[in-house]
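Peer 1: A structural model of the following input is requested.
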Amino acid sequence: MAFLDNSGDIILDAVLTDTGRFRLARGNGNFRISKFALGDDEIDYTLYNSDHSSGSAYYDLEILQTPVLEAFTNNGSSMKSKLMTISRTNILFLPVLKLNESDALSEKVARHSVGGYLVAVDEDTEDQIGTVAGVMYGENLGNGTLIRIDQGIDNDFETSPSYPLSSDLVETQYEIKLDNRFGTIIDPVSLRAQTPSFIDDDNIATYFITLGAGASMVTTNTETNRAETKEVIRGPRGTSLRLMIQSSLDLNTSTFLFTKLGSTEAANDSSSGAMNLSIATRFIDTIMQVQGVTTGYRIDVPVRFVKKQ
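Peer 2: Next up is the predicted model:
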C-alpha cells in the first residue's frame with residue numbers, strides 16, 4: 001500500500017474487489033464488470049476555507065493536497081463512504097439510516113445495555129438468559145428481540161414527515177454483511193433464512209434484501225405524524241428494515257470458535273461494559289453492516305453471540 005502522486009494530473013486508481021478477482025480466476029469466460037463504486041474516504045471536506053487570505057484559488061488547496069491511498073481490494077477496510085450522483089440540484093437534505101429502539105412499538109427492538117444486540121446461540125443459553133432486553137434467540141426463532149432500521153430525512157423542524165420522501169432517495173434495497181461463521185439473516189415474519197448473494201474470502205456473507213421481493217423484511221413507512229413516539233425519523237420517511245439473526249451450527253453445537261475468537265464473562269458481572277447476566281458465558285463480538293443501495297448510507301450494528309459456559 002502506498003500514496004498516489006497527486007501533484008499533477010487527476011488519477012483514477014481502479015482495482016477489482018476480492019470477489020471480482022475470485023470470479024476472474026475461475027477462467028470460465030463469464031467474468032464481466034457490471035458494477036463499480038467510487039470513494040474518497042481520505043478527504044476531509046471541512047478543510048475548505050472560503051476565508052483564505054490568498055483568495056479563491058486557495059479555498060480548496062488543502063483538500064487537493066490531501067494524500068490519497070492507492071486503491072486496495074479488502075472489502076473490510078475500503079470504501080467506507082461511497083460517492084453518489086444525483087442529477088437534481090435542489091436537494092437540501094439526504095436521508096440516513098437509524099436504529100429504531102422505541103418502546104412504543106409492538107415489537108421488542110431495544111439494544112442490550114452493552115450497546116449492541118445479543119444472540120443466544122442455543123436453547124440452553126436461551127432458557128438461562130430468559131427475556132432480557134436486546135437478546136435474540138438464535139435457535140428458537142421468533143422469540144426475543146429483533147433489529148429494526150428506519151430510513152428517511154432526520155430533521156426536527158425543516159421538513160414535515162407529511163411530505164413524501166423523493167422517490168430517488170428512497171431505499172428499496174439494503175445490503176447486509178455478516179460474518180457467515182457466526183450467523184444467518186432471518187426474516188422475522190416468515191422465519192425463513194435468507195440466502196447470501198455471495199460469501200467472500202473473509203467469510204463475510206453479503207445479502208441483498210429488496211422491497212416487495214417476497215420477503216417481508218423491507219416495508220414502506222407510511223407514518224406521517226412527526227410526534228409519533230414509535231418513530232425515530234423526524235422528517236420525510238422512506239422504508240424500514242426488520243431482521244433477526246440465527247446462530248450458525250458451529251456456534252450452536254461447539255465452543256471452538258468461542259475459544260479461538262471470543263472471550264468469557266462470569267455470572268452476575270456488574271462491572272462497566274459487562275452483560276451482567278445470571279450465568280457465566282462465552283461470547284464473540286462482531287459487526288453487522290447495513291447499507292442502503294440507493295444512497296450508500298451505512299450503519300454498523302454491534303452484535304454479540306453468547307453461549308452458556
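
Peer 1: using CSV, write out every CA atom in the strand or helix carrying residue 240.
Peer 2: Here residue 240, judged by DSSP states H and E, is contained in strand 237-247. Output of strand 237-247 as CSV, limited to C-alpha atoms (Å, rounded to 0.1, in the frame of the first residue of the first chain):
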residue,chain,number,x,y,z
ARG,A,237,-39.8,8.7,5.9
GLY,A,238,-38.8,6.1,3.4
THR,A,239,-38.6,2.4,4.3
SER,A,240,-38.0,0.2,7.3
LEU,A,241,-35.9,-2.9,7.5
ARG,A,242,-36.6,-5.7,10.1
LEU,A,243,-34.4,-8.7,10.7
MET,A,244,-33.3,-11.3,13.1
ILE,A,245,-30.1,-13.4,13.3
GLN,A,246,-30.0,-17.2,13.6
SER,A,247,-26.8,-18.6,15.2
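
Peer 1: next SSE downstream of it?
Peer 2: helix 249-253.

Peer 1: using CSV, write down the CA coordinates of that following helix.
Peer 2: As requested, the backbone C-alpha atoms of helix 249-253 are provided in CSV (Å, rounded to 0.1, in the frame of the first residue of the first chain):
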residue,chain,number,x,y,z
LEU,A,249,-24.5,-24.6,13.5
ASP,A,250,-20.8,-24.2,14.6
LEU,A,251,-21.8,-21.8,17.4
ASN,A,252,-24.8,-23.8,18.4
THR,A,253,-23.0,-27.1,18.8
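
Peer 1: in it, which residues are buried?
Peer 2: Neighbour counts over helix 249-253 (16 or more other Cβ atoms under 10 Å) mark 251-252 as buried. C-beta here means a position set from N, CA and C on the backbone, and glycine is covered the same way.

Peer 1: okay, now the domains of this structure?
Peer 2: Domain ranges of the chain: 1-83, 96-308, per automatic domain parsing.

Peer 1: lowest average pLDDT across the ones you listed?
Peer 2: Of all the domains of the chain, domain 1-83 carries the lowest average pLDDT, namely a mean of 81.

Peer 1: starting at the chain centroid, how far to it?
Peer 2: 21 Å (Cα atoms, centre = their mean, to the nearest Å).

Peer 1: can you show me the helices along the stretch 1-150 of the chain?
Peer 2: Secondary structure of the stretch 1-150 of the chain (DSSP state H, counting those that start in this stretch): helices at 18-25, 61-64, 123-129.

Peer 1: list of residues touching the shortest one?
Peer 2: With Cβ atoms under 8 Å, 6 or more residues apart in numbering as the test, helix 61-64 has contacts from 6, 43-45, 47-49, 52.

Peer 1: tabulate those in TSV, adding columns for neighbour count.
Peer 2: Output for these, formatted as TSV (neighbours: other Cβ atoms under 10 Å):
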residue	neighbour count
6	13
43	13
44	11
45	9
47	14
48	12
49	14
52	14
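
Peer 1: same list (those) but as CSV, adding distance to residue 101.
Peer 2: Below are the contacts of helix 61-64 laid out as CSV (distance: Cβ to Cβ, whole Å):
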residue, distance to residue 101
6, 43
43, 33
44, 31
45, 31
47, 35
48, 35
49, 39
52, 44
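
Peer 1: and the strands in the protein?
Peer 2: Listed in chain order, the strands of the chain (DSSP state E) span 96-99, 117-120, 135-137, 147-152, 173-179, 183-186, 198-199, 204-210, 218-220, 237-247, 263-265, 281-292, 298-308.
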